[in-house]
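Asker: mind folding the following:
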Amino acid sequence: MNLRDAPIMDAPESLPEAGAGLNWYALYTCPRHEKCVAQQIEQRSIACFLPLYRSVRRWKDRRKELELALFPGYVFVRLALKDRLRVLQLPSAVRLVSFNGQPAVLPEAEIEGLRQQLARGGGVEPHPYLSVGRRVRVCGGPMQGLEGIIVRRKDRCRLVFSLDLIMRSVAVEVDESEVEPVAESKRRN
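Answerer: Just a heads-up that it's a prediction; the model follows:
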């Protein structure tokens, strides 16, 4: 199975205009049930996004390449808040990530940037959550405009992109010439 075929599950024909009150939400699922929940959401003609990455696991007698959830325990759904029961009634769907009793909306730019990077096939992999470090903005390529924390690993430059809402991060290899530092005043806003 090709990475470009599997990680993004959505129903583009069922997506109304963006002004129709549709937002992205993080749906918390039972452990290791992300793929099953995403399939059930897709069957209900609701847009969902399950980012996956490939990992090679080794045992004594064999090696196997697996597709694992980039954010374990989470599936992203795009829906109007009034339709949330259609998703929450699914088996293995636990709850929408909320603050003060209200489901928290994920920024559209973060989801789209992640989708584009996965579609490009760049080496995206989980990374420990980072909130402190040298912040940069991507000024070229498919992730243009996104901000993250730059880290160096051996001789390569990686951008750690964090979803603060669920306190998870992913690392993406970037060309050092495609990033620029974020000004201090812009960072605080």
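Asker: please make it C-alpha for all contacts and neighbour counts, starting now.
Answerer: Noted.
Asker: what sits against Glu67?
Answerer: Leu52, Tyr53, Arg54, Ser55 (C-alpha atoms under 8 Å, 6 or more residues apart in numbering).
Asker: what does Val97 give?
Answerer: With C-alpha under 8 Å, 6+ apart, Val97 has these contacts: Tyr25, Ala26, Leu27, Tyr28, Pro103, Ala104, Leu165, Ile166.
Asker: buried subset of these?
Answerer: Tyr25, Ala26, Leu27, Tyr28, Pro103, Ala104, Ile166 (16 or more other C-alpha atoms under 10 Å).
Asker: can you give me phi and psi for the last one?
Answerer: So that's Ile166. Dihedral pair for Ile166: phi -110, psi 0, per degrees, to the nearest 10.
Asker: state the distance from it to Ile41.
Answerer: Here Ile166 is placed at a distance of 20 Å from Ile41 (C-alpha to C-alpha, to the nearest Å).
Asker: do the first one as well
Answerer: As for Tyr25, its distance to Ile41 is 13 Å (criterion: C-alpha to C-alpha).
Asker: identify the residues contacting Arg135.
Answerer: So Arg135 contacts Glu147, Gly148, Ile149, Ile150, Pro181, Val182 (C-alpha under 8 Å, 6+ apart).
Asker: hang on, the last one packs against Val136?
Answerer: Spelled out, that is Val182. Yes - using C-alpha atoms under 8 Å, Val182 is in contact with Val136, at 5.0 Å.
Asker: of those two, who's got more company?
Answerer: Each of Val182 and Val136 has its neighbours counted (other C-alpha atoms under 10 Å); Val136 has more, 21 against 16.
Asker: now the more buried one. Nearest residue, chain neighbours left out?
Answerer: Pro181 (4.3 Å; C-alpha to C-alpha, 6 or more residues apart in numbering).
Asker: and the one you found, what does it touch?
Answerer: Taking C-alpha under 8 Å, 6+ apart, one finds Arg134, Arg135, Val136, Arg137 in contact with Pro181.
Asker: repeat the analysis, applying 10 Å as the threshold.
Answerer: Pro181 is in contact with Arg134, Arg135, Val136, Arg137, Val138, Cys139, Glu147, Gly148, Ile149, Ile150, counting by C-alpha atoms under 10 Å, 6 or more residues apart in numbering.
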